[in-house]
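**Student:** Next one to model:
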Amino acid sequence: MQVLETVEAMRAFAAARGPSAFVPTMGFLHEGHLALMRAARAHAPVVVASVFVNPTQFGPNEDFERYPRDTAGDLEKCRSAGCDAVFLPPVSAMYPPGHRTHVSVSELTGPLCGASRPGHFDGVTTVVLKLLNIVGCRAALFGEKDYQQLAVIRRMALDLDLPVQIIGHPIVREADGLAMSSRNVYLSPRDRAGALCLSRGLEAAAQAFGAGERDPRVLEATARALIDATPGAAVDYVEVRDALDLTAVEAPLTRPVVLALAVRFGATRLIDNRVLASG
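**Tutor:** The predicted structure follows:
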């Protein structure tokens, strides 16, 4: 496995090795990331991952400085997952002096996480477009836990005619149902136990949907009831949105939707979602 720290080195590797499948990450890797890397092999003969904590997607009061990092451990995990190369650029390589260009996707970035994290998705789309251009991949894989992010990146790739297939991968969960996240390490034992309210709330709503409930407000309330009853849990949002374009939906539901939520435990913000579709 090669470790590449400059744009020039990454491009030279791509030119020499040919089409790749790419997994961009911010590091502190867990099984969810490794599942993406293993799945990438089915989409190209070469697998490339990146480890880059992107400063432009963090707000002024968010956790960029304390975001967990473990470069040595991440590289070993990438190696174990079969990566052929890891792009490990410093901030100065991604945002050199004089950098002025940003990428913005309208409408899809307004609701859900966009409402409470202004500017976040501009940082995401800017760095993802840069990474796709640098790596020169034929496919890029993203976890479905970040459902809005995946929808935004798909829209960007479509609108900008990028020759890259954007592939979503199912959420990887702990044995007790908690969606895997690098931020789970921040949770105290009490909050770790309380965080199960996210997946349990989604499951309760999914069961109601399976029983025939088609009012999005009722589904939201069903999920939120379990969260509101959990000590230490503070809801950011619990919303049913169109599964394709994230627009607001009204009763009765007649097309696939996503029930997405964000909940804080102290300074730690967790997200999760469930797609609800008939048939």
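**Student:** Quick check, pLDDT for the residue lying closest to residue 209 once chain neighbours are set aside.
**Tutor:** Once flanking residues are discounted, residue 209 sits nearest to residue 276: 4.7 Å by C-beta to C-beta, 6 or more residues apart in numbering. Every C-beta, even on glycine, is put in place using the N, C-alpha and C of the backbone. The per-residue pLDDT reported for residue 276 equals 98.
**Student:** contacting residues around residue 276?
**Tutor:** 205-206, 209, 219, 240, 253, 256-259 (C-beta atoms under 8 Å, 6 or more residues apart in numbering).
**Student:** Looking at those, which one is closest to residue 64?
**Tutor:** residue 258 (27.4 Å; C-beta to C-beta).
**Student:** Name the helix or strand for the closest one, please.
**Tutor:** Take DSSP states H and E as the rule and residue 258 turns out to sit in strand 257-265.
**Student:** Now do the buried residues in the helix or strand following that strand.
**Tutor:** Using DSSP H and E, the next helix or strand after strand 257-265 towards the C-terminus is strand 268-276. Within strand 268-276, the residues scored as buried using 16 or more other C-beta atoms under 10 Å are 268-274, 276.
**Student:** And those, which is closest to residue 83?
**Tutor:** For the buried residues of strand 268-276, the nearest to residue 83 is residue 271 (25.8 Å; C-beta to C-beta).
**Student:** surely that closest one meets residue 259?
**Tutor:** No. With contact defined as C-beta atoms under 8 Å, residue 271 does not reach residue 259; the gap is 11.8 Å.
**Student:** How about the contacts made by the residue minimising distance to the centre of the chain?
**Tutor:** The centroid of the chain falls nearest to residue 146 when counting by C-alpha atoms, centre = their mean (3.2 Å). Residues near residue 146 by C-beta under 8 Å, 6+ apart: residue 271.
**Student:** Report the separation between it and residue 168.
**Tutor:** Applying C-beta to C-beta, to the nearest Å, the value for residue 146 to residue 168 is 9 Å.
**Student:** what about the nearest residue to residue 113 once chain neighbours are set aside, distance to residue 160?
**Tutor:** Of all residues not flanking residue 113 in the chain, residue 148 sits nearest, at 5.5 Å (C-beta to C-beta, 6+ apart). If you measure residue 148 against residue 160 using C-beta to C-beta, the figure is 18 Å.
**Student:** Look at the two and report which has more neighbours.
**Tutor:** Comparing residue 148 with residue 160 by other C-beta atoms under 10 Å, the one with more neighbours is residue 148, at 23 against 13.
**Student:** would residue 254 count as being in a helix?
**Tutor:** No. Secondary structure of residue 254 (DSSP: H, G, I helix; E, B strand; the rest coil): coil, not part of a helix.
**Student:** quick one: contacts for it?
**Tutor:** Counting by C-beta under 8 Å, 6+ apart, residue 254 has contacts residue 214.
**Student:** tell me which element residue 220 falls in.
**Tutor:** Using DSSP H and E, residue 220 falls in helix 216-228.
**Student:** quick one: average confidence on whichever helix or strand comes after that helix?
**Tutor:** Using DSSP H and E, the helix or strand that follows helix 216-228 in sequence is strand 233-242. For strand 233-242, the mean pLDDT works out to 98.
**Student:** Please state the offset of stretch 94-102 from the chain centre?
**Tutor:** 23 Å (C-alpha atoms, centre = their mean, to the nearest Å).
**Student:** Stretch 240-257 now?
**Tutor:** 20 Å.
**Student:** What residues of it count as buried?
**Tutor:** Buried, per 16+ other C-beta under 10 Å, within stretch 240-257: 240-241, 243, 246, 249, 253, 257.
**Student:** Could you work out the most separated pair of those residues?
**Tutor:** Using C-beta to C-beta, the two most remote members of the buried residues of stretch 240-257 are 246 and 253, lying 14.5 Å apart.
**Student:** The helix or strand where residue 114 lies: what's the following helix or strand?
**Tutor:** Per DSSP H and E, residue 114 falls inside helix 113-116. Next helix or strand after helix 113-116 toward the C-terminus (DSSP H and E): helix 120-135.
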